[in-house]
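[1] Starting from these lines, generate the structure:
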Amino acid sequence: MPPLSAPLRGVVIGCGFFSRIQMEAWNRLRDLVTITACCDADAERAAQFARDFEIPKSYSDAAMMLDAQKPQFVDIVTRPDTHRPLAETAAARGIHVLCQKPFAPTLEESEALVAACDQANVRLMVNENWRWQAWYREIHRLLAEDALGAPRKVTWIHSHNDGFDHNFYRAQPYFADMPRFLVYETLVHYLDTARFLFGEPTSLRCHTRRQNPRIKGEDRADIRLYFPSALEVWIRGTRCGDVYENGAAMGRCQIDGSRGTLVMMGDGSLYLNSERTPFTPPLEGYRGDSCLATQKHFALSLLQSTPFESNGPDYLKSFRLMELCYQSAATCSTLSV
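    Coordinates of the predicted model:
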């Protein structure tokens, strides 16, 4: 494909809750990207989205939009079961793809999505924004500088209280109907971020349960990842908010190393050996301005022909860890990766 130049021409598919968060980030990247159209199965919602964000055109048919607009990339922000057909529709037209996570309902479908983009010679990035949260980029830097020695144990607590009151999951109500929920939709963020920070685990163990009887999937989980260096990462997650961290980081993290301890608080602030570090969590944007950072990385990588961090083959590794979590929970066993 010929080299691309700024601003890139992009379109958005899906005009729901999270699309609005991502569109706010696109509007802050107007020197790199111009969003020329949006699409949603609900035509009125698409039209309102276009009005709200001053997007020139709206559509209710994705293929029609792609054919009419001929964009250089598409941002897919829809339910996971729609990702593969939408990505394949774009790939068949030579359009680069930024796709929301979770990737697809199954590993097989996710692998097929990656293969379709590869065969069409279009670039694919998964919009995995968690690793782009500013505090995790800073933790990555501190680990690279050996600030606390060799990591020995990591404890992550993800606590959110949107899953048990009478309006549970009101922002994304389809969550209640997902047969696999917390690990698939939420804790996969931590599996991916663990890989970003610590490398590839060699085995894992997972336990899941459902606390809210009105949903189909699990809303609590404990995951243990084991690494060749003897590092153990423990991820504890809930959407039922027995301990709610009302902060952008949605939880806490403690990393115990051979020479020190690093603690991330719920607001993203960092403490090394009980002393607050100079790092200041950003207040603008979504959760450490992670959407802006993710989308900027996508745009710059397209323009500079450099690799995506969360390309298709790489993200399949996180997806496979997620699949193994469910297998471990079903068999009550520790599984090799």
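[2] hmm, who's touching stretch 59-71?
    Residues outside stretch 59-71 that contact it (Cβ atoms under 8 Å, 6 or more residues apart in numbering) are 9-11, 13, 36-43, 46, 57, 74, 86, 89-90, 93, 95. Every residue, glycine included, has its C-beta placed from N, CA and C.
[3] right, I mislabeled it, should have said stretch 259-267
    The contact list for stretch 259-267 (Cβ under 8 Å, 6+ apart) reads 135, 139, 142, 147-149, 245-255, 270-274, 281.
[4] one more time with 6 Å
    Where contact means Cβ atoms under 6 Å, 6 or more residues apart in numbering, the residues beyond stretch 259-267 that reach it are 135, 148-149, 245, 247, 249, 252-255, 270-273, 281.
[5] Listing request: residues of the protein with sub-threshold pLDDT.
    Counting by pLDDT under 70, the chain has low-confidence residues at 163, 165-167, 241-246.
[6] residue ranges for the helices of it, please.
    17-27, 43-53, 62-69, 80-91, 107-119, 134-144, 188-198, 290-304, 312-331 (DSSP state H).
[7] mind putting those in a markdown table, distance to D162 and mean neighbour count included?
    Shown next, in a markdown table, are those (distance: least, Cβ to Cβ, whole Å; neighbours: other Cβ atoms under 10 Å):
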| stretch | distance to D162 | mean neighbour count |
| --- | --- | --- |
| helix 17-27 | 12 | 18 |
| helix 43-53 | 22 | 16 |
| helix 62-69 | 29 | 17 |
| helix 80-91 | 19 | 21 |
| helix 107-119 | 26 | 18 |
| helix 134-144 | 21 | 18 |
| helix 188-198 | 15 | 22 |
| helix 290-304 | 18 | 20 |
| helix 312-331 | 21 | 19 |
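[8] Tell me which of these lies nearest to G217.
    Nearest to G217, of all the helices of the chain, is helix 312-331, at 10.2 Å by Cβ to Cβ.
[9] For burial, what's the neighbour tally of K216?
    12 (other Cβ atoms under 10 Å).
[10] so how far is Y169 from it?
    K216 sits 12 Å away from Y169, going by Cβ to Cβ, to the nearest Å.
[11] next one: L29
    The gap separating L29 from Y169 is 29 Å, by Cβ to Cβ.
[12] Any idea which of the helices of the chain gets closest to N127?
    helix 290-304 (6.0 Å).
[13] Convert the C-alpha atoms of that closest one to PDB, please.
    Extracted C-alpha coordinates of helix 290-304, given in PDB (Å, rounded to 0.1, in the frame of the first residue of the first chain):
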ATOM      1  CA  SER A 290      -5.800   6.000  27.900                       C
ATOM      2  CA  CYS A 291      -8.100   6.300  24.800                       C
ATOM      3  CA  LEU A 292      -6.100   9.300  23.600                       C
ATOM      4  CA  ALA A 293      -2.800   7.500  24.000                       C
ATOM      5  CA  THR A 294      -4.100   4.300  22.300                       C
ATOM      6  CA  GLN A 295      -5.700   6.100  19.400                       C
ATOM      7  CA  LYS A 296      -2.700   8.300  18.900                       C
ATOM      8  CA  HIS A 297      -0.400   5.200  18.800                       C
ATOM      9  CA  PHE A 298      -2.700   3.700  16.200                       C
ATOM     10  CA  ALA A 299      -2.600   6.800  14.000                       C
ATOM     11  CA  LEU A 300       1.100   7.400  14.300                       C
ATOM     12  CA  SER A 301       1.900   3.700  13.600                       C
ATOM     13  CA  LEU A 302      -0.200   3.900  10.400                       C
ATOM     14  CA  LEU A 303       1.500   7.100   9.300                       C
ATOM     15  CA  GLN A 304       5.000   6.000  10.200                       C
END
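[14] Taking helix 17-27 as reference, get the angle to it.
    Here helix 290-304 runs at an angle of 60 degrees relative to helix 17-27 (axes from the mean of the first three to the mean of the last three Cα atoms, to 10 degrees).
[15] can you list the residues that contact helix 290-304?
    For helix 290-304, contacts defined as Cβ under 6 Å, 6+ apart pick out 4, 6, 8, 21-22, 25, 28-29, 32-33, 98, 125, 127, 129, 132-133, 285, 308.
[16] Just the buried ones among those residues, please.
    Burial by neighbour count, 16 or more other Cβ atoms under 10 Å: within the contacts of helix 290-304 this picks out 4, 8, 22, 25, 28-29, 32-33, 98, 125, 127, 129, 132-133, 285, 308.
[17] Keep only those of those residues that are in strands.
    Judged by DSSP state E, the buried ones among the contacts of helix 290-304 include 8, 33, 98, 125, 127 as members of strands.
[18] What residues are bridge-paired with the fourth one?
    Here M125 sits in beta bridges with L98, N311, as judged by DSSP bridges.
[19] what's the spacing between it and G266?
    M125 sits 29 Å away from G266, going by Cβ to Cβ.
[20] I would like a ChimeraX command selecting only the buried ones among the contacts of stretch 59-71, please.
    Selecting only the buried entries of the contacts of stretch 59-71 in ChimeraX, with 16+ other Cβ under 10 Å as the criterion:
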select :9,10,11,13,36,37,38,39,40,46,74,86,89,90,95
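[21] Quick check: the farthest pair among the buried ones among the contacts of helix 290-304?
    Pairwise distances across the buried ones among the contacts of helix 290-304 peak at 27.3 Å for L4 and Q133 (criterion: Cβ to Cβ).
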